[in-house]
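>>> Whatever this is, show me its structure:
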Amino acid sequence: MKIVLISIGTRGDMDPFIAIGEMLQEKGHQVICAFPEQFRDLIDTHMEFASLGTRYIELLESDAGKAVFGRSGSGLKKFFAYITLARKSTDINKELINTQYELIESENPDRIVYNGKAIYPFIWGLKEKGKNILISPVPYVHYVKDHTHVAFNSNFGPVLNKMTFSLATFGLIMTVRISIKWLKIKERITRKQIKNALLTNKAIYTISPSLFSRPEYWNENIKVLGYHEGKKVKSWSPEQNLIDFLERNDRVLFITFGSMTNPEPDKKTKIIVNILERNKIPAIINTASGGLVKPEKYNPELIHFVSRIPYDWIFPKIYGVIHHGGSGTTHMALKYGCAMMIIPHIIDQFVWNKIIYEKGVGPKGIRINKITSKNLEPKILELINNNSFKKKAEQVASQMGKEDFREEMYTSIIEG
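I've put the predicted structure just below:
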């Protein structure tokens, strides 16, 4: 089969699709990965790459994007940042939907595997029934009795919870209808058709059941098929000073904000470094996309900075992780039995923060724009000193090690 994988978002949104693509390619299928241009280098040479352009990621990394997702406080600056982001995103969304349309119409695929930010695969599926598969690396996209939709991150009781999913459905229906107008599709598509497709289309959650179990009342078209990760980076090797740092320190923390940025990386880093040095806690800090930065002065015997490091190499060697709360980082840290604390930046990361806390693998974290030395220090001390977090993380790791959903994932995608 010819299978197109479409994912829009940050690095964490690409990872499950890369893993799925590698599995499909190994089975002999032609795989085309349609991602934002910034993620071209992630794709194995055996798979094809189709660019969705650069503007989406550039918008997230702009001053307006940083202000919306990471600015301390609220007020007028944040309000105007929302307005700026909304205005700029309209043109970008038009470009994205047209790029998706042109790609799919030219390739005429047998299957499309996509995430919720990609709209045209859903529209395509209205006439190509059973051939489009939604992939969600975050929970609470479909109705769950004891939780709101992921965008609300709460529990208001069964009735109000259901209303939040209805609101999300209404918003998606409107987005689909607007996209249909942008594409100038003449065929009449009703709200009822769109809503029915939302309820009956195939959907797969790439989440470990140890973190999010499938409700028994869900329809058979919705599945929870575990965490999937792609092939490891082969070209990377650690520098000797990193190896030396790990050999001379115990109970090391790894701190990263992944692809998340914020308007005050110097200030956030200083808060964290001061806490680590004051309490003599050894840590490796990953500057990654710039959410954290290497300061001019710090104790190199206690803190080591990296800008790029494979998680599968470092996680088995450390005690715990402080991170932004992306689905991929959360799963991989637990796979290796790391205690953790999440510093959430955007929507779904607040859900993972809650799940991690309720599972007992770490303290409940503080959102990025609220951290101070006063409120963060006791949380970091709790993470490093409460041994129950590590024990519970190792228990979850054992459960995840028994999960193998590759064949069920493959069958779910291939079967019509």
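
>>> All the strands of the protein, in order from the start?
Secondary structure of the chain by DSSP state E: the strands cover 2-6, 30-35, 48-51, 111-114, 132-136, 202-205, 222-224, 253-256, 283-286, 303-306, 320-323, 339-342.

>>> And those strands: which comes nearest residue 14?
Closest to residue 14 of those is strand 30-35 (C-beta to C-beta; 5.5 Å). Heads up, the C-betas are built off the backbone N, CA and C, glycines and all.

>>> just to revisit the earlier point, go through the strands of the chain and pick out the most buried.
strand 339-342 (a mean of 28; mean count of other C-beta atoms under 10 Å).

>>> Name the surrounding residues that touch that strand.
For strand 339-342, the external contacting residues (C-beta atoms under 8 Å, 6 or more residues apart in numbering) are 319-325, 330, 333-334, 349, 352-353, 356, 361-365, 379-380, 383, 386, 389-390, 392-393.

>>> picking that back up, which one of the strands of the chain lies nearest to residue 148?
So among the strands of the chain, strand 132-136 is nearest, using C-beta to C-beta, at 15.5 Å.

>>> Domain map for the protein?
2-136+138-205, 240-401 (automatic domain parsing).

>>> Filter the contacts of strand 339-342 down to the buried ones.
For the contacts of strand 339-342, a burial check counting by 16 or more other C-beta atoms under 10 Å picks out 319-325, 330, 333-334, 349, 352-353, 356, 361-363, 365, 379-380, 383, 389-390, 392-393.

>>> and the strands of the chain as TSV, adding distance to residue 173 and mean pLDDT?
Listed next are the strands of the chain as TSV, based on distance: least, C-beta to C-beta, whole Å; pLDDT from 0 to 100:
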stretch	distance to residue 173	mean pLDDT
strand 2-6	20	97
strand 30-35	24	96
strand 48-51	27	95
strand 111-114	17	98
strand 132-136	15	97
strand 202-205	16	97
strand 222-224	18	97
strand 253-256	37	98
strand 283-286	40	98
strand 303-306	45	97
strand 320-323	34	98
strand 339-342	32	98
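
>>> I'd like those strands as a markdown table, with distance to residue 236 appended.
Shown next, in a markdown table, are the strands of the chain (distance: least, C-beta to C-beta, whole Å):
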| stretch | distance to residue 236 |
| --- | --- |
| strand 2-6 | 24 |
| strand 30-35 | 21 |
| strand 48-51 | 21 |
| strand 111-114 | 28 |
| strand 132-136 | 27 |
| strand 202-205 | 30 |
| strand 222-224 | 32 |
| strand 253-256 | 15 |
| strand 283-286 | 13 |
| strand 303-306 | 11 |
| strand 320-323 | 19 |
| strand 339-342 | 23 |
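
>>> how about the ones you listed, which one is nearest residue 61?
Nearest of the strands of the chain (C-beta to C-beta): strand 30-35, 15.8 Å.

>>> gap between that closest one and the chain center?
Relative to its chain's centre, strand 30-35 lies at 19 Å (C-alpha atoms, centre = their mean, to the nearest Å).

>>> Stretch 330-346 too?
12 Å.

>>> just stretch 237-245 next, same as before
That offset, for stretch 237-245, works out to 29 Å (C-alpha atoms, centre = their mean).

>>> could you give the mean pLDDT of it?
The average pLDDT within stretch 237-245 is 94.

>>> buried stuff in that stretch?
Under 16+ other C-beta under 10 Å, the buried positions of stretch 237-245 are 238, 242, 245.

>>> What does the pLDDT read for the residue nearest to residue 377 when sequence neighbours are not counted?
Using C-beta to C-beta, 6 or more residues apart in numbering and skipping the chain neighbours, the partner closest in space to residue 377 is residue 275 (4.8 Å). Residue 275 carries a pLDDT value of 98.

>>> And residue 56, by the same measure?
84.

>>> Report how many residues lie close to the residue nearest to it when sequence neighbours are not counted.
Once flanking residues are discounted, residue 56 sits nearest to residue 36: 5.3 Å by C-beta to C-beta, 6+ apart. Counted by other C-beta atoms under 10 Å, the residues lying close to residue 36 total 23.

>>> low-scoring stretches of the protein, by residue?
45, 64-86, 232-234, 416 (pLDDT under 70).

>>> who's sitting farthest from the centroid in it?
Seen from the C-alpha centroid of the chain, the residue lying at the greatest distance (C-alpha atoms, centre = their mean) is residue 186, 35.2 Å away.

>>> Quote the end-to-end distance of stretch 27-39.
With C-alpha to C-alpha, to the nearest Å as the measure, stretch 27-39 spans 23 Å from end to end.

>>> picking that back up, right, and the residue nearest to residue 56 touches residue 6 too?
No - in this structure, residue 36 is not within contact of residue 6 by C-beta atoms under 8 Å, at 10.6 Å.

>>> what do these two both touch?
residue 52.

>>> Out of the buried residues of stretch 237-245, list just those in helices.
242, 245 (DSSP state H).

>>> Out of the buried residues of stretch 237-245, which comes closest to residue 96?
Nearest to residue 96 among the buried residues of stretch 237-245, with distances taken as C-beta to C-beta, is residue 238, at 37.8 Å.

>>> Name the nearest residue to residue 161, sequence neighbours excluded.
residue 148 (5.1 Å).

>>> Hmm, the one you found is touching residue 158, no?
No - using C-beta under 8 Å as the test, residue 148 is too far from residue 158 to be in contact (10.7 Å).

>>> If you count surrounding residues, which of those two has more?
residue 148 (23 against 12).

>>> who's in contact with residue 309?
236, 238, 284, 286.

>>> Tell me what the third one is bridged to.
In this entry, residue 284 is beta-bridged to residue 254, residue 304, by DSSP bridges.

>>> right, and it touches residue 241 too?
No - using C-beta under 8 Å as the test, residue 284 is too far from residue 241 to be in contact (11.2 Å).

>>> Identify the contacts common to these two.
residue 304.

>>> Excluding covalently adjacent residues, which one is nearest to residue 176?
residue 194 (5.3 Å).

>>> try residue 327
residue 137 (4.0 Å).

>>> ditto for residue 183
residue 101 is the one closest to residue 183 (C-beta to C-beta, 6+ apart), at 5.6 Å.

>>> Can you give me the separation between the one you found and residue 12?
Counting by C-beta to C-beta, to the nearest Å, the separation of residue 101 from residue 12 is 26 Å.
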